[in-house]
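Participant: whatever this is, show me its structure:
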Amino acid sequence: MHPRRPRRSLACMNVLDPLPAWPALAALDDDALPLLDVALLIARDEYPDLDPRRYALQVQGHGSHLRNVLDRESHPALKMRAINRYLFEEVGYAGNHDEYYDPRNSYLNEVFERRLGNPISLALVQMAVAREVGLPLDGVSFPGHFLVRLPVDDGVLVMDPFNRGRPLDVDELRQRARAHLGGDVPDDDALSQILYPASNRAILVRVLRNLHGVYQERGDWDRATRSADRVLSLVPDNPEALRDRGVGYLELGHFAGAREDLGRYLLRHPRADDAADIRLRLIETGRHTARLH
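Facilitator: Coordinates of the predicted model:
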């Protein structure tokens, strides 16, 4: 079993304080990144009037309601079952199966308001509430759908927040992972690595990568480029985000920025699978610049 990291509550923001500033985030250690705060900061790009206090108080309200219920349960798994019953049956949080790629599923304020989300945003709510009442629930960057895990006895309880917090056994986890591993079934060691808790930074990057994918597919290059830029605020050397921001700049006609980002990407990753295509994109920026003169 891997040693556990110190944990900061997702709902520990001072409700009178503003959200953190993007330029300050790259210098923070993974565990110092306030997960709920930064998830709401991502949402504020789309909803500039968002009030983070509203959602911190919602988490605290969920926790206050649950404490009386949880006092009757002693085992962590039973406490977690009570939390899931409350969130997914009483309050009504649910996976948005009908409109999975609706970007609102990734914006945490919309998830709190609409009670609909995708796997990672519902995991953020589930984690925030569980930690509010003292349960050490972590996220798992599982292939495909994001999951959550809770240490119990000598193992872990793994759950699917997109499907009402349903527990997943080892066989189902192996089959889910297999679909993303070229058909290979992971052995115990490989599965243990896959189920390792995701860092706060990795979770936030995955939220932003999801948004980038949705907006790129829609041809919304302003928002796609913004999402890639926000990844770089968290991880300045992230190669995929550097490439994606460069492509976005090119699509938006910001040729100097495109040339800088795509050039840096090729300099650092000259043997990348898409290097030939990116070189063609760089040539394209040169042609556009020549036309401008």
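Participant: so where do the strands sit in the stretch 1-150 of the chain?
Facilitator: Under the criterion DSSP state E, counting those that start in this stretch, the stretch 1-150 of the chain contains strands at 94-95, 116-117, 138-140, 147-152.
Participant: tell me what the third one is packed against?
Facilitator: Spelled out, it's strand 138-140. Counting contacts by 3 or more C-beta pairs under 8 Å, 6 or more residues apart in numbering; DSSP states H and E, the secondary-structure elements packed against strand 138-140 are helix 119-132, strand 147-152. Where C-beta positions appear, they are placed from N, C-alpha and C, glycine not excepted.
Participant: for stretch 33-40, what is the average pLDDT?
Facilitator: Along stretch 33-40, the predicted local confidence has a mean pLDDT of 96.
Participant: for the residue nearest the centre of the chain, give me its contacts.
Facilitator: Centrality entry for the chain: nearest residue to the mean C-alpha point is Val207, 3.1 Å, by C-alpha atoms, centre = their mean. The contact partners of Val207, by C-beta atoms under 8 Å, 6 or more residues apart in numbering, come to 39, 42, 106, 120-121.
Participant: the same query, at a cut-off of 10 Å, please.
Facilitator: Each residue near Val207 by C-beta atoms under 10 Å, 6 or more residues apart in numbering is listed here: 35, 38-39, 42-43, 106-108, 118, 120-121, 124, 146, 227, 230-231.
Participant: that one and Leu191, how far apart?
Facilitator: Separation of Val207 from Leu191 (C-beta to C-beta, to the nearest Å): 24 Å.
Participant: before we move on, what about Val247?
Facilitator: 35 Å.
Participant: okay, the two: which has more neighbours?
Facilitator: Neighbours per residue (other C-beta atoms under 10 Å) separate Val247 from Leu191, with Val247 holding more: 23 against 15.
Participant: helix/strand/coil for Ala228?
Facilitator: Ala228 carries the three-state label helix when classified by DSSP: H, G, I helix; E, B strand; the rest coil.
Participant: which stretches of the stretch 51-200 of the chain form helices?
Facilitator: Listed in chain order, the helices of the stretch 51-200 of the chain (DSSP state H, counting those that start in this stretch) span 52-70, 76-84, 108-114, 119-132, 170-178, 188-194, 200-218.
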